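**Student:** What follows is a protein structure lacking sequence information:
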């Protein structure tokens with residue numbers, strides 16, 4: 001783990017000296033396709049964690065091009081999903097145009113994952129697409145996607161992904177003003193999500209649930 005972190009820090013230093021194109025080439029000189037894809041993903045995550053969101057997006061976009069060239073569908077879906085995540089978390093991209101771009105990436109990821117065997121990652125893709133629609137205030141479409149993701153997650157024991165789908169489903173219900181779900185049911189859904197997060201040791205999820213429960217109980 002420490003060795004990997006040191007490598008990413010060194011790669012960042014190289015990027016500062018030589019810019020994008022040389023760093024893309026450096027990554028793509030990796031020993032095999034798997035190593036190249038992991039380097040793109042890990043370096044983009046490193047940049048994002050250090051709040052270099054624009055740079056992270058650029059490396060994800062080029063990593064996506066590489067995965068497309070290699071015809072690696074699972075990798076393409078991961079790059080697309082991560083691009084959607086970065087775009088929805090970047091304040092500079094939080095306007096409608098940026099969110100629509102995120103939705104486009106999320107839809108592409110969902111389409112790819114629909115025909116691949118890993119149902120947990122398909123649930124994640126559906127949830128990401130739903131979240132983009134939620135941010136664009138298309139609550140009907142968002143809720144439809146969250147309900148579909150919930151069904152597949154329950155059928156395939158998707159664990160932590162089910163917790164996040166339930167959490168975002170509740171946010172969607174609240175923001176849309178949908179009164180077809182009683183307050184007691186909303187609380188029950190959140191408590192179920194909280195139990196899932198406890199079982200998977202997802203402290204971020206637990207904190208999000210507790211904050212929302214506190215708001216609802218005020």
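**Tutor:** Thanks, I have it. Computed from a predicted structure; not experimentally measured.
**Student:** Within the helices and strands, which one has the most centrally placed residue in the chain?
**Tutor:** Here the mean C-alpha position of the chain is nearest to the C-alpha of residue 85 (Cα atoms, centre = their mean), at a distance of 4.3 Å. In the assignment (DSSP states H and E), residue 85 maps to helix 73-89.
**Student:** Which parts of that helix count as buried, going by neighbours?
**Tutor:** Residues 75-88 are the ones in helix 73-89 that count as buried (16 or more other Cβ atoms under 10 Å). Every residue, glycine included, has its C-beta placed from N, CA and C.
**Student:** pLDDT value on the residue nearest to the centre of the chain, please?
**Tutor:** What the model reports as pLDDT for residue 85 is 94.
**Student:** ok, it - contacts?
**Tutor:** Taking Cβ atoms under 8 Å, 6 or more residues apart in numbering, we find residue 85 in contact with residue 128.
**Student:** Roughly how far does it sit from residue 157?
**Tutor:** 23 Å (Cβ to Cβ, to the nearest Å).
**Student:** repeat for residue 212
**Tutor:** Residue 212 is 25 Å from residue 157, by Cβ to Cβ.
**Student:** can you list the weak-confidence ranges in the chain?
**Tutor:** 90-94 (pLDDT under 70).
**Student:** Okay, buried residues for stretch 203-213 please.
**Tutor:** Using 16+ other Cβ under 10 Å as the test for burial, stretch 203-213 gives 205, 206, 208, 209, 212, 213.
**Student:** Any chance of CSV for the residues you listed, columns secondary structure and distance to residue 183?
**Tutor:** Output for the buried residues of stretch 203-213, formatted as CSV (DSSP: H, G, I helix; E, B strand; the rest coil; distance: Cβ to Cβ, whole Å):
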residue, secondary structure, distance to residue 183
205, helix, 21
206, helix, 21
208, helix, 19
209, helix, 16
212, helix, 13
213, helix, 12
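**Student:** Now the two most distant members of those residues.
**Tutor:** Across the buried residues of stretch 203-213, the longest distance by Cβ to Cβ is 12.4 Å; it joins 205 and 213.
**Student:** what residues are shared contacts of those two?
**Tutor:** Contact criterion Cβ under 8 Å, 6+ apart; residues shared by residue 205 and residue 213: residue 194.
**Student:** Quick one: residues contacting residue 80.
**Tutor:** Applying Cβ under 8 Å, 6+ apart, the residues near residue 80 are 64, 105, 106, 108, 109, 112.
**Student:** burial measure for the first one, as a count.
**Tutor:** Read that as residue 64. Per other Cβ atoms under 10 Å, the neighbour tally for residue 64 reads 21.
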